[in-house]
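> My questions concern the predicted model and sequence given below.
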Amino acid sequence: MRSINIVNARQNNLKSVDIQIPRNKIVVFTGVSGSGKSSLVFETINAEAQRQLYDTLGTYAQSHLPKIPKPNCDLIENISPAILINQKRTSGNLRSTVGTTTEIYTYLRLLFSRIGTPLIGSSSHFSFNSPEGMCQSCNGSGEIMDIDIDKLIDKSRSLNEGAILFSEFKVGGWQWKYIALGGKFDCNLPVNQFSKAEYEKLLYGFDENIGINTGELGIDIIYEGVIIKINRLYIHKNQETLSKKKKQTIKQYLSIKSCDTCHGSRLNQEALGVKVNGYNIDQVSHFDFERLKMFIDGINDPHGKGIIEQIDYKVSHIVNIGLGYLSLSRNISTLSGGEAQRIKLAKQLGSSLTEMIYILDEPSVGLHPKDVHHLNNLLVTLRDKGNSVFVVEHDPDVIKIAEHIVDVGPKAGVNGGQIIFEGSYSKLLASDSITGKLLNRKNTLKNSIRKANSYFDVNNANTNNLCDVSVKIPQGIMTCITGVAGSGKSSLIHHEFLSRYPNAIVIDQSAVGQSERSNAATYTGLFDDIRKVYAKENNVKASLFSFNSEGACSGCRGLGFVEMEMAFLDPIRTLCNECKGKRYNEETLKYEYQGLNIAELLDLTIEKAARLFTLEKIVQKIAILQQVGLGYLTLGQPLALLSGGECQRVKLSSELHKVGNIYVLDEPTTGLHMSDANKIIDILNRLADKGNTVIIIEHNLDVMSQADWIIDVGPEGGENGGKIIFEGTPKALLARSDSHTATYLKKHLI
């Protein structure tokens, strides 16, 4: 069997890596966070596979595709086209649902057109994206956008004081003059003192023309009213003709409500009148996949047999991958990174392609241990179709099924980038690598647990699938909220608990900043202290060392690149010719500290930067970033480029010094090697030791075993979940519960 041969790979921190990776096998790449796994798998193998595939296409097609640079590598042989299944959330529009993305809704439309009663026509009559099927009132979106008058008009102001807040109606502008110069309104009178009739006319206009006194020639115009004009010019206009900035501006003044005609179903009444076994297509699309499977299996009409088999095949994959609690109607943009990845994986199982390379980025993220074996079965299915399956993963149960394991390390950043092990799972267990040693360890419960003296009450919770739940969450200790995916954990904590205790500090995986100008050093305040050190050393102002202020390169304004907007293509970025990507002007780069200018310092890893400073404030902040496992990041790495797990740890690092707070963390071990997960557990214990209340939503068995208290939600996901099935210590969970969590925690501790 041929292998993929890689010679002298030097991408990022890879240290001249030579490796042969077997094809048509499940290969797992593991190693500590920042060791170089992603550099090898995503930025070398996947990048080269995509680059060579794009090179085979015509010039026109290439012009519409992103430009992929050649990886820093001497040679890559025997590579195939690669399909990357990552955790990137899909930024679909209102019309992108789980049903449309998986194509299951397409088959469901076909089924209703074939066997639904009464028969009304083709499958397009059940599509909210087609004129035949969509609700005409909302154009198939299910929602109506209305101008929120309270956001648009500040009634305490007069027209001369800018009572109309929309920028197009600013005082002195043309739209304002149409109102002010007509003489129909007292422009010095606060709007809240207008009569009801005057206020209605301000908003909706006059029946007759009005004259405008321009100081020269008077003109007659039709005054539409503020609401009518905004609707005509911006709301009811083709949105594609509006700039991104204008859309964002308008959005501030809108409220969105369910369509009064279709009540959110998106379809017209004719389509909603067609039923199969007593349900219309909108009702079926709101079933979770578990119930959808039962509905499909209950149809006996021979005219729909082939379609039913296709739907059943696709739905079974989604149920088996632990997403049975989702529904076809769920908007795709609301999925977590792990859910989006598993939807993509389930979709690929219907593909007939072979000899492909499937590359997966931690597919176990967000999965309860109960569902990991289903994931493993899907990986095996992909391989058995004649494909190579490459998985970047930390989960021991996924590592266990690998036919070949590549361990990258030994540590992170500049101390990583080497292949420290290649071979089978049994050989990994016998090796000296950190991964092998941790897989061999014996897992135990925490020796002593903290006891709570008081509790936070959550009573009669009914959000989503919660079934009138009441629970007491202990104060001042570490509580782990467990349960299978979709059981109701997030509904309980993120919706019900936080609505009652809004002062809690939430540390989740959402982005900490989309700006290219933000990094871990700026987010934590570390960079402010560093700039002051540079200023004192060189006897100049601290603002000179900000790439957002005086020190910025004039060519790129401190970005390091110049971006060119392309009408229908992605923007093109090119390295700034003036600063060559350094972000600073020449004057600023003359100043140094410890032999490094400010741009050179930002290129250092956090770990390396720690050796340069003695100021206590800087030393402490850098130490915390290292404690949360981010020492391998460079100081200047933009936050927009970090993973969800990395974002969560950046947030955690900025909160660790606080005392007496409630901390809510959502799967803080996401993206972490077992050794790094242990560091996070230590940090969470330290938070609890200070008297903080620590609440963790987590599937990680190591975290569960080290908690003081466990609240298990379930027993299953979706409609079969939403109940509290256990409250107590981890030891009591093992003794008194037979839940999925208890079952897998027992296995973990053997």
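Perfect, I can see it now. Predicted model only: the values in this text are computed from it and were never measured.
> quick check, I481 in a helix?
No. The assignment for I481, made by DSSP: H, G, I helix; E, B strand; the rest coil, is strand rather than a helix.
> Go ahead and confirm it touches S491.
No. Using C-beta atoms under 8 Å, I481 is not in contact with S491, being 10.7 Å away. From N, CA and C alone the C-beta is placed, and that goes for glycine too.
> When the two are compared, which one has more neighbours?
Neighbours per residue (other C-beta atoms under 10 Å) separate I481 from S491, with I481 holding more: 26 against 21.
> how about that one, what does it touch?
By C-beta atoms under 8 Å, 6 or more residues apart in numbering, the contact list for I481 reads 489, 492-493, 695-698, 711, 713.
> can you pull the pLDDT of it?
I481 carries a pLDDT score of 98 in this model.
> Show me what it bridges to in the sheet.
I697, I711 (DSSP bridges).
> which stretch of helix or strand covers the nearest residue to I307 once chain neighbours are set aside?
Sequence neighbours aside, L111 is the residue nearest to I307 in space, at 4.7 Å (criterion: C-beta to C-beta, 6 or more residues apart in numbering). Using DSSP states H and E, L111 sits within helix 104-115.
> Alpha carbons of that helix, as CSV, please.
Only the C-alpha atoms of helix 104-115 are listed here, as CSV (Å, rounded to 0.1, in the frame of the first residue of the first chain):
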residue,chain,number,x,y,z
ILE,A,104,-33.2,15.6,3.8
TYR,A,105,-35.8,18.4,3.4
THR,A,106,-35.4,18.0,-0.4
TYR,A,107,-36.4,14.4,-0.1
LEU,A,108,-39.2,15.3,2.3
ARG,A,109,-40.6,17.7,-0.2
LEU,A,110,-40.5,15.0,-2.9
LEU,A,111,-42.3,12.6,-0.5
PHE,A,112,-45.1,15.1,0.2
SER,A,113,-45.5,15.8,-3.5
ARG,A,114,-45.7,12.1,-4.2
ILE,A,115,-48.0,10.7,-1.4
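> quick check: angle from the helix or strand where I318 lies to helix 104-115?
Using DSSP H and E, I318 falls within helix 305-318. Taking axes from the mean of the first three to the mean of the last three C-alpha atoms, to 10 degrees, helix 305-318 and helix 104-115 form an angle of 150 degrees between their directions.
> Could you pull out the buried residues of helix 305-318?
By 16 or more other C-beta atoms under 10 Å, the buried positions in helix 305-318 come out as 307-308, 310-311, 314-318.
> again, but for stretch 258-267
259, 262, 264-267.
> quick revisit: from what I can see the residue nearest to I307 touches G306, true?
No. Between L111 and G306 there is no contact under C-beta under 8 Å: 9.9 Å.
> dump the residue contacts of N129.
N129 neighbours (C-beta under 8 Å, 6+ apart): 95, 100, 140.
> will you turn those residues into TSV that also has secondary structure?
Shown next, in TSV, are the contacts of N129 (three-state DSSP):
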residue	secondary structure
R95	coil
T100	helix
G140	coil
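> H748: neighbour count?
17.
> Sorry, slip of the keys, the one I care about is K580.
Per other C-beta under 10 Å, the neighbour tally for K580 reads 12.
> Could I get the contacting residues of it?
With C-beta under 8 Å, 6+ apart, K580 has no contacts at all.
> What strand or helix carries it?
For K580, there is no host helix or strand (DSSP H and E).
> got it, and I343?
In the assignment (DSSP H and E), I343 maps to helix 337-348.
> just I19 next, same as before
strand 17-22.
> quick one: contacts of that strand?
With C-beta under 8 Å, 6+ apart as the test, strand 17-22 has contacts from 1, 3-10, 27, 36, 40, 45, 388, 390, 403-404, 406, 417-419, 422.
> What are the buried residues along it?
So for strand 17-22, counting by 16+ other C-beta under 10 Å, buried means 17, 19, 21.
> Okay, the first one and R450: tell me how far apart.
Right, V17. Using C-beta to C-beta, to the nearest Å, one gets 45 Å for the distance from V17 to R450.
> rewinding a little: contacting residues for the residue nearest to I307?
L111 sits in contact with 276, 299, 304, 307-308, 311, where contact means C-beta under 8 Å, 6+ apart.
> Where does pLDDT dip in the stretch 201-350 of the chain?
207-222, 236-242, 244 (pLDDT under 70).
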